[in-house]
Each structure stands twice: as C-alpha cells, then as structure tokens.
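A.B. asks: Next comes the sequence, and after it the predicted model I'd like to discuss.
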Amino acid sequence: MRLILAGAIAGLRSYGKGANRTPPTRCPAFSGLPQPVRPAARRTSVLGSSLGRMNKPPEERALDVTTVSSAEHTRRDFLYIATGAVGAVGAAATLVPLIAQMNPDASTIAAGAPIEVDLAPISDGQIIKVFWRSKPIFIFHRTKKDIEEAQKVNVASLPDPEADSARVKQGHDQWLVLIGICTHLGCIPLAHQGEYDGWFCPCHGSQYDTSGRIRKGPAPKNLPLPPYKFVSDTKIQIG
Amino acid sequence: MSGHSTYQPQNKFLQWFEKRLPVGGLIHSSFVAYPTPRNLNYLWTFGGILAFMLGVQIITGIVLAMHYTPHVDLAFKSVEAIMRDVNFGWLLRYLHANGAAMFFLAVYVHMFRGIYYGSYKEPREVLWILGVIIYLLMMATGFMGYVLVWGQMSFWAATVITNLFSAIPGVGDAIVTWLWGGYAVGNPTLNRFYSLHYLLPFVIAGVVVLHIWALHVAGQNNPTGIDIKADKDTVAFTPYATVKDGFFMAVFCILYAWFVFYIPNFLGHADNYIPANPAVTPAEIVPEWYYLPFYAILRSIPDKLMGVIALFASIVVLAFIPWLDTSRVRSARYRPLFKQFFWLWVIACIGLGWLGSKQPEGIYVILSRIFTAYYFAFFLIVMPLLGIFEKTKPLPNSISESVLGAKA
C-alpha cells in the first residue's frame, strides 16, 4: 500500500500537458510489469476518435481503443486511489443511517419508561400479567407451597442453575416478577400448567417451575427478571 | 448454446427496430429456436409453471396492496375489507394466498426433479445455486406476506421466526430488537415487512433472469442426464416445449383453481382469522405447510442454538450438493442405489412435514430426530460415498438412442 501511494504521489508531478504523457521515470514497484504498446500517434481528441472510429473497418477500430498505461504512475492513478478511498468511506458512512433507522425510534423508547404496579389486589396463588415495553410481565403471588417447592430443588441439577433466593427481592419471597416470554422462541407460557406447577409453553413444550426456572424442554434459560424495585410493601416499580 | 440467431423479421418496422435493439432476436433464440432435448418429460414443465406463478403473485399482490393498510390497528380490518367489500377482493386474496402454496408446491417438484436427475452437476452448478437463492428469497417473501394478515398465527409466526436470531451468541438480542424496531413484534415490524414483501418478488424476478440465463448457457438437463451430442437429440423450443409447458400449466391451474374456488382455507389455519393479540399465544403454533419440514428439524434438536443452526444448515446444504455428490453419472435412472436413497430422502422430507404439524412429544420427537438425521446423512454421507461405491448402469450412447432405440 505504501508503495502504491508513493508511486501515486510521485505521479503527481506533471511531465507536460495531459495526464497520459509518459513520465521520465517509472515507479520501481511496478517496473516488472509488461509495458503496453501505446499507439500515441493514433490518439486524437475523444470526440474525433469516436467519430473516426465509425468509418473504419473493425480491425482498425480495435487498434484505436487506447488503453492507458497501468504500469506508470500519473495523477490519474492518484485520483483513482483517492476517489476510491473517499467513495469507500462515504459508502460505509451512508450505511449507518440506513441500518440505524431500523432500531427502536424515539417514541418507542419514550414509551418504555418505568411503570408502577400495585400488588395489594393480587390474591394468594394468583398470577397477573402487565405490559412493560410491549413485553408481558408476570407477577406471581406465591403460596407457601410454591415457595417451598422452589427452594427445595437441588440447584446444581437445573439446566440453568440459579437459586430461588436470587430470583426474588430479599424479604419479598412471595412475589415473583418475570418477563413472560419463553426463552426458546418468544411465545408466552401458560400459567399454572406443566409438571412443575409453574408455566408451560404451548409452542415447543418448555416447562418452568414456581421460580420461573426452565426444567424441561428446548428453552435454554430461566424466564428473565425485569429490572424492578419495591417502592413500598405493596407497590413495585418496573423499569 | 443458443448460437447465432436466425431471426429475420419480414416486417419493415421490426427490421428497423431489430437493428437498434435486437430484443426480437433474443426472444427468438431463447424461446423459439432454442434447442431442447427431445426426451424431456412433464417434470420439466415446472420451470415455466414457476415463472407463471411468480407473475400471478406479483399481479395479485400489486392490486391487493391498493387496498391493504400496514398498521397494527388496521391491517387485519383491511384484509377483512378486501374479503367483504372490495370488488372481487375475495378472489384476489384467495388467488394470492393459495398462489403462494402452489408456488411452493411447484418449487418442491422442481427441486426434487433437479436432485433426481442430477441437474445440479457440472456444468450447472451456478444455475443450481441461483435456484437455491431464489428458494431462500421465496421463503423470506412468503413468511413476511403471512405476517401482513396480522392474525394470531401471523403475529406469533413473526415472533417465533424473528426470535430464531436471538440464538446467535452475544449479539442475538440486539439483532432481534433491530429486526423488530421495538421491544417486541409491533407496528414498526409490520411496516418494514410490508416494504420488504413488496420488494422481494422483484428481486426474485431478477434472480430468475440470471437463472434462465445460466440455464441457456449450460443447456437443459434431461431424463438421461447425458449431454446433447447432435441435432437429432433436440427439438425446437417452439412448438414442442411451448405446447408441452402450456398444456401442463393448464393442468396445474385446474388444481390451483380447485383450491381457490372450493377449499380456499384448507391450507390456512383457523387461528389466523383471530386478530393478533400480543398477550395470548395460541394453544398450538404451526407454520404454513411449506415450512413444516424445517420446523420439524428445528424442534427435533433439544438445544436452541443447535436447532437454529440445523434449520439454516438444512437449506444451505443444498447449495453444496454439486460438490457433495461425487458421482459422474447425473440421472438416477442409471444409479440404482442412489435412486433408493433418493426416495427414502423424499419420504424423510414428507415425514418431517407431517411431524412439523404434530405436537413435539413422545414418538413424534423420536421420528423427527431419525428423519432429520437421514435428511443430513443423505447429503453429507450418501452423496459423497455413492460416487465411489455405486455400480451404475450403462448409459445410452445418445439422447435420441434412448428415445428411438439403437436403430436410430
């Protein structure tokens, strides 16, 4: 690359009128290449040559097509590299808006602000569904039995090992808050179904327990937890 | 292959025009004087049928777009309005929806034919790969068109298919958000799918031009799989191939019309007449029938990432069969072992299609795994090894000899 550039810059020096004139010295980097025959005598102006070409027999026409030397470095070579480089950078820069426009727009992001949910009306054992950022959020008011089931499981035996205590806020064992999207391919699992009293995904048969952990089926991970905090004992803020 | 055109119009205007743009000569040499092997059977009419179906889908699609609204609140209603209010809207929509199914039916016959007669082998590798690209584009187009209806199946198909990309380690979730234009499938998703669903058929048409170009450079394969050696091996495209193509296209259209007029919803799913509801996933999700084999492959593998890789690999592997198949004999007619493995593979494909429509439990999972294993083994083990171990039958000396017997 350095050699090419050096050659191109060397070619910047003008050796007379017209960029196609042969410079007195050749770039050493390319001196090994064969030199094309340059029928300079035939060359006329662009207009003249194209007009003249029409009236000549085909074999002469072929000779008339002059190929500019690629072995010697001229201002054209510099322009070629410079234009190419600017074009490549420009094309790459143009891709940025074309790709970025597909990401969530300002209104979608704004609509994703935190929401507050009052837990008081949720009775024991009930699971409610709220929406945050177009995602269903499950809020599960767990019974004593549900909590015990979730806690007594041998964590090491799980496909995605995670203790129940890591999935609830300390002191709020009865509240399980999850993003209700199956980690397999995005379906919404059905509550209080399956072998583990948690959720069952109707699409491909994944089963989750009372802690929302994957127990069986193709889903690779536990149901994820949304960012949330308790603003009071009976109210949470999601987001 | 087509050689120099012998097209010499008598009409003065056509002569004048031909000197300036020789399109008449191009059509004449490609579709009139073009030499086709004299032994082509009806399986060779599906290329023409596919071109016809692409035209049907583009024309019906453009007029449907005049009445459709790509917005989450209005999309489903506008489709219902097409069915009830728009003049002949029911016909246009049923032609388009069933046309997609017929398009896929024809492409599957076309692909099975190509594999059976070795049409992917030298010198038709590029022709074959262009075909695989067209098939991939068809799958993307068909999927996005299905989403536009914005029924329950549309919405959840969009969710499941876009989530396939979440299996990519590291950047998966970012890619999915980018595809959606939000935090879930929603209005931006519907809008961009509409834009792309309108674009892709024209991209397909462009690749079809390359496909036909490549076909006319290499020449058509034929049931014997041997090359054209003399003029008597061929007949002119017109009238021989045109009438054969036209006749079978009419037969194919009877089947198409039977679906459109008598059982227009047979291939669809009742749940797609329920408007999309992001809060409820339907009890069972199944894709359209033409994706079922791939869906079964996805579900047969218990690991998410590996399932997605297997799904994509099952299509991509097709592009490599010109090199996976080591046999120099093209046609299965002269390959007794290949023929048996081929039909087993067809059974595996249809079996996977059937299993894709079943719940993923019990015996269905085991069968899916067996068929998936065979699907890949056919390409990766059978094709390379048969070329070495198979004893093929003697080939006829020429196409005309295979048709007329040795006395010709």
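C.D. replies: Now that the structure is in, tell me what you want to look at.

A.B. asks: So A:Arg215, which state does it fall into?
C.D. replies: For A:Arg215, the assignment made with DSSP: H, G, I helix; E, B strand; the rest coil gives strand.

A.B. asks: Wasn't A:Pro226 part of a strand?
C.D. replies: No - read with three-state DSSP, A:Pro226 is coil and lies in no strand.

A.B. asks: Report the separation between it and B:Asn277.
C.D. replies: Distance from A:Pro226 to B:Asn277, counting by CB to CB, to the nearest Å: 21 Å. Quick note: C-beta positions are derived from backbone N, CA and C, even for glycine.

A.B. asks: higher neighbour count, the two?
C.D. replies: Using other CB atoms under 10 Å in any protein chain shown, the more surrounded residue of A:Pro226 and B:Asn277 is A:Pro226, with 17 against 13.

A.B. asks: got a list of what the more buried one touches?
C.D. replies: In this structure, A:Pro226 makes contact with A:132, A:135, A:137, A:177-179, A:238-239, judged by CB atoms under 8 Å, 6 or more residues apart in numbering or on different chains.

A.B. asks: Apply 6 Å and report the result again.
C.D. replies: When contacts are counted by CB atoms under 6 Å, 6 or more residues apart in numbering or on different chains, A:Pro226 touches A:137, A:179, A:238.

A.B. asks: so what pLDDT did it get?
C.D. replies: pLDDT for A:Pro226: 92.

A.B. asks: on that earlier part again, could you export the contacts of A:Pro226 as a markdown table, including secondary structure?
C.D. replies: Supplementary listing: the contacts of A:Pro226 in a markdown table, determined by three-state DSSP:
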| residue | secondary structure |
| --- | --- |
| A:Ile137 | strand |
| A:Ile179 | strand |
| A:Ile238 | strand |
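
A.B. asks: roughly how far is the longest helix along chain A from the heart of the chain?
C.D. replies: Ranked by residue count under DSSP state H, the longest helix found in chain A is helix A:75-100. Computed by CA atoms, centre = their mean, to the nearest Å, the chain-centroid distance of helix A:75-100 equals 21 Å.

A.B. asks: my guess is B:Ile321 contacts B:Lys121, does it?
C.D. replies: No - with contact defined as CB atoms under 6 Å, B:Ile321 does not reach B:Lys121; the gap is 8.8 Å.

A.B. asks: Run through the residues that contact B:Val185.
C.D. replies: B:Val185 touches B:158-159, counting by CB under 6 Å, 6+ apart.

A.B. asks: And B:Met153, how close does it get to chain A?
C.D. replies: Separation of B:Met153 from chain A (CB to the nearest CB, to the nearest Å) stands at 12 Å.

A.B. asks: Let me see the confidence value for A:Pro39.
C.D. replies: 48.

A.B. asks: how about the residues of chain A near chain B?
C.D. replies: When proximity is defined by CB under 6 Å from any CB of the partner chain, chain A lies next to chain B at A:102-104, A:108, A:133-135, A:184-188, A:202-205, A:218, A:220.

A.B. asks: Just the buried subset of these, written out for PyMOL, thanks.
C.D. replies: The PyMOL selection below is limited to those of those classed as buried (16 or more other CB atoms under 10 Å in any protein chain shown):
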select buried, chain A and resi 103+104+108+133+134+135+184+185+186+187+188+202+203+204+205+218+220
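
A.B. asks: Select from the residues of chain A next to chain B every entry located in strands.
C.D. replies: Using DSSP state E, the subset of the residues of chain A next to chain B located in strands is A:Lys135.

A.B. asks: Excluding sequence neighbours, find me the nearest residue to B:Tyr135.
C.D. replies: With sequence-adjacent residues excluded and distances taken as CB to CB, 6 or more residues apart in numbering or on different chains, B:Tyr135 is closest to B:Val107, at 6.2 Å.

A.B. asks: Confirm that the one you found lies within a strand, as I assumed.
C.D. replies: No - according to three-state DSSP, B:Val107 belongs to no strand; its state is helix.

A.B. asks: What separation do you get for it and B:Gln340?
C.D. replies: 24 Å.

A.B. asks: Look at the two and report which has more neighbours.
C.D. replies: More crowded of B:Val107 and B:Gln340, by other CB under 10 Å: B:Val107, with 20 against 12.

A.B. asks: what about that one, distance to chain A?
C.D. replies: Taking CB to the nearest CB, one finds B:Val107 at 26 Å from chain A.

A.B. asks: Tell me the strands beside the host helix or strand of A:Gln237, with direction?
C.D. replies: In this structure, A:Gln237 sits in strand A:235-238 according to DSSP states H and E. Here strand A:235-238 has these sheet partners by DSSP bridges: strand A:115-118 (antiparallel), strand A:228-232 (antiparallel).

A.B. asks: got the buried residues for it?
C.D. replies: A:236, A:238.

A.B. asks: Contacts for that strand, please.
C.D. replies: If you take CB under 6 Å, 6+ apart as the criterion, strand A:235-238 is touched by A:114-118, A:132, A:226, A:228-231.

A.B. asks: Nearest spatial neighbour of A:His192, chain-adjacent residues omitted?
C.D. replies: Per CB to CB, 6+ apart, closest to A:His192 is A:Ile127, 7.0 Å.

A.B. asks: typo on my end, B:Gly89
C.D. replies: Per CB to CB, 6+ apart, closest to B:Gly89 is B:Ile82, 3.9 Å.

A.B. asks: could you pull out the helices for chain A?
C.D. replies: Under DSSP H, chain A gives helices at A:2-10, A:46-54, A:58-64, A:75-100, A:106-110, A:144-152.

A.B. asks: Which strands or helices does the helix or strand hosting B:Arg192 pack on?
C.D. replies: In the assignment (DSSP H and E), B:Arg192 maps to helix B:187-218. Using 3 or more CB pairs under 6 Å, 6 or more residues apart in numbering or on different chains; DSSP states H and E, the elements in contact with helix B:187-218 are helix B:125-148.

A.B. asks: Beyond the helix it packs on, next helix or strand please.
C.D. replies: Assigned by DSSP H and E, the successor of helix B:125-148 is helix B:152-163.

A.B. asks: where's that next one relative to the chain centroid, distance-wise?
C.D. replies: 21 Å.

A.B. asks: Could you do stretch B:246-255 as well?
C.D. replies: Remark: stretch B:246-255 is offset 18 Å from the chain centroid, using CA atoms, centre = their mean.

A.B. asks: Could you pull up the mean pLDDT of that stretch?
C.D. replies: Over the span of stretch B:246-255, the pLDDT mean works out to 98.

A.B. asks: Buried ones in that stretch, by neighbour count?
C.D. replies: B:248-249, B:252-253.

A.B. asks: Output the lowest mean pLDDT helix or strand found in chain A.
C.D. replies: helix A:46-54 (a mean of 44; mean pLDDT, DSSP states H and E).

A.B. asks: Not including adjacent chain positions, what is the nearest residue to B:His110?
C.D. replies: B:Phe46 (4.3 Å).

A.B. asks: if I look at the one you found, how far off is B:Leu40?
C.D. replies: To B:Leu40, B:Phe46 is 11 Å away according to CB to CB.

A.B. asks: So for those two, which sits in the more crowded spot?
C.D. replies: For B:Phe46 versus B:Leu40, neighbours defined as other CB under 10 Å are more numerous around B:Phe46 (24 against 19).

A.B. asks: Check which helix or strand that one maps to.
C.D. replies: helix B:46-65.

A.B. asks: what about the closest residue to B:Gly307 other than its chain neighbours, neighbour count?
C.D. replies: Distances taken as CB to CB, 6+ apart place B:Ile301 nearest to B:Gly307, at 4.0 Å, with adjacent residues excluded. Using other CB under 10 Å, the number of residues around B:Ile301 comes to 18.

A.B. asks: Next, work out how far apart B:Ile301 and B:Gly142 are.
C.D. replies: 23 Å.

A.B. asks: Could you tell me the per-residue confidence at the residue nearest the centre of chain A?
C.D. replies: For chain A, the residue nearest the mean C-alpha position is A:Ile99 (8.5 Å; CA atoms, centre = their mean). The model reports A:Ile99 with a pLDDT of 95.
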